[in-house]
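> Predicted coordinates and the sequence they were generated for:
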Amino acid sequence: MEKLTNREIERILALSDAFGPSGMEDEVSSLVIKELDGVLELTEDKMRNVRGELDPSGSGPRIMFDAHLDEVGLIVQAVKPNGTMRFLPLGGMTAGNLPSSLFEIRASDGRLVKASVAAKPPHFMSAAEREAAQSIDDMVLDCGSVSAEETRDYFGLDVGSFAVPAVRASYDENRGLFFGKAYDCRIGVAAEIETLIRLKGKELPCRVQASFAVQEEVGERGVYANYKALQPDLMICFEGCPADDTFQEPWMIQAALNRGPMLRHFDRSMITSPRFQKYALDLARANGIPVQESVRSGGGTDGGMIHTEGVPCIVIGIPVRYIHSHHCWCTAQDYRAAVELAVKICETLDGSVLESF
């Protein structure tokens, strides 16, 4: 595999570290615009969706790339008299992943305040409480404050403050292994950016559009605004998808690290366009690009929102271990293969191919 450039590595690490829970994607959208400066002209709407077209004067089918900017996080629901904070999850964070976790909360002055997720210590639990399942309702964020006034006035935290895991990304170059938070979907964002860079200046049989959407983790809310503005004929959804290679039986593994991107036939939000899916799979195999196939009983993507508009859509998912948790792993090899596949699709997909779908 061709090694990643330093710029690609730095971009992926910066995207992982960026503060961007659902509803507060400003930092991520700004980073995307910066990375694509000189590649295409992008606009940003008031939700912080980002969109544009690689060559507006081109011809052929309009293919919209999409990756979502947001990550799972928390939002402060109330400040208690003792200074701790009740919270709600933004997206699918489970109670079992939270106790003793460290978060960063965006204060009113813009700084990041560290806070741990606390639950009642076992010393004070009854036997029944120790046996009971954990609930987010029983947890608080604790920034070290001793009163509600100190939380609000000194720390600048209050109802509506946003939080993300306090994790810094890293890269093991020898193994091509990324560690960090938010690779759902920041590794997809990175793949879309790199694909756009590689396609810049090529003569293509299609028109390539860029969509970077907000609020996917809370119901695919942002992508529809990009769809309305761009009016694509097809959609390629880049995702950071849940890797299953550490807990499934070997015969059920459909998204392992270092086996290429996962092309999903089905999830609870979408039955993938069978003809577009076959075209992508055949193209990958003809060009020696490793891919995996999956059928998922859960999950969902921005494609689930747009395919109901009659737009054929595929998902190119880059496997991420322990998605929606603080500590995730993904690989350069899978990222690179996702980029190569998306480039090949855009180099070959013309109007006659679209008609065959």
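It's in. Since the model is a prediction, treat every value here as computed from it, not as a measurement. Residues are numbered from 1 along each chain as shown.
> list the contacts for Phe103?
73-74, 114-117, 141, 163-166 (C-beta atoms under 8 Å, 6 or more residues apart in numbering). For every residue, glycine as well, the C-beta is placed using N, CA and C.
> what comes into contact with the helix or strand where Ala163 lies?
Element membership for Ala163 (DSSP states H and E) is strand 162-165. By C-beta under 8 Å, 6+ apart, the residues outside strand 162-165 that reach it are 19-21, 23-24, 71, 73-76, 87, 90, 101-106, 115, 141, 181-182, 326.
> Following element in sequence after that strand, please.
strand 170-172.
> What residues of that following strand count as buried?
Tyr171 (16 or more other C-beta atoms under 10 Å).
> Show me what it is packed against.
helix 6-17, strand 177-180 (3 or more C-beta pairs under 8 Å, 6 or more residues apart in numbering; DSSP states H and E).
> how about those in CSV, adding distance to Tyr224 and mean neighbour count?
Shown next, in CSV, are the helices and strands packed on strand 170-172 (distance: least, C-beta to C-beta, whole Å; neighbours: other C-beta atoms under 10 Å):
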stretch, distance to Tyr224, mean neighbour count
helix 6-17, 23, 19
strand 177-180, 29, 21
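> Quick one, which of those gets closest to Glu203.
Glu203 lies closest to helix 6-17 among those, at 24.4 Å (C-beta to C-beta).
> give me the number of residues near the nearest residue to Arg296 once chain neighbours are set aside?
In space, and not counting its chain neighbours, Arg296 is closest to Asp267: 4.1 Å by C-beta to C-beta, 6 or more residues apart in numbering. With neighbours defined by other C-beta atoms under 10 Å, the count for Asp267 comes to 21.
> likewise the one 3 residues further on?
Around Met270 there are 24 other residues, counting by other C-beta under 10 Å.
> which residues touch it?
Going by C-beta under 8 Å, 6+ apart, Met270 touches 300-301, 303-304, 307, 313, 315.
> Show me which pair in these is furthest apart.
Gly300 and Cys313 (12.2 Å).
> So those two - more neighbours on which side?
A side-by-side neighbour count of Gly300 and Cys313, using other C-beta under 10 Å, places Cys313 first with 25 against 18.
> where's the more buried one relative to Leu283, distance?
Cys313 is 16 Å from Leu283, where distance means C-beta to C-beta, to the nearest Å.
> do the same with Gln215
From Gln215 to Leu283 the distance is 32 Å (C-beta to C-beta).
> higher neighbour count, these two?
Gln215 (23 against 17).
> Mark which of the contacts of Met270 are part of helices, please.
The helices, defined by DSSP state H, take in 303-304 from the contacts of Met270.
> Separate out the buried members of the contacts of Met270.
Buried among the contacts of Met270 (16+ other C-beta under 10 Å): 300-301, 303-304, 307, 313, 315.
> of the residues you listed, closest to Ser352?
Using C-beta to C-beta, those come closest to Ser352 at Cys313, 19.4 Å.
> what number of residues lie near the nearest residue to Phe87 once chain neighbours are set aside?
Distance criterion C-beta to C-beta, 6+ apart; nearest residue to Phe87, sequence neighbours excluded, is Leu74 at 4.5 Å. For Leu74, the tally of surrounding residues (other C-beta under 10 Å) stands at 27.
> what is Leu74 paired to in the beta sheet?
Beta-bridge partners for Leu74, by DSSP bridges, are Pro89, Ala163.
> got the contact list for stretch 29-41?
11, 14-15, 18, 42, 44, 48-50, 52-54, 69, 189, 193, 196-197, 200, 210, 212, 214.
> in it, what's buried?
Per 16+ other C-beta under 10 Å, stretch 29-41 contains these buried residues: 29, 31-33, 35-36, 39-40.
> Can you dump the C-alpha atoms of it in CSV for me?
Backbone C-alpha positions of stretch 29-41 (Å, rounded to 0.1, in the frame of the first residue of the first chain) are rendered in CSV as follows:
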residue,chain,number,x,y,z
SER,A,29,-16.7,22.6,9.2
SER,A,30,-14.0,25.3,9.4
LEU,A,31,-11.3,22.6,9.2
VAL,A,32,-12.9,21.1,6.1
ILE,A,33,-13.2,24.5,4.4
LYS,A,34,-9.5,25.1,5.2
GLU,A,35,-8.4,21.7,3.9
LEU,A,36,-10.2,22.1,0.6
ASP,A,37,-9.1,25.7,-0.1
GLY,A,38,-8.1,25.9,-3.7
VAL,A,39,-9.7,22.5,-4.5
LEU,A,40,-13.3,23.7,-4.8
GLU,A,41,-15.5,26.6,-3.7
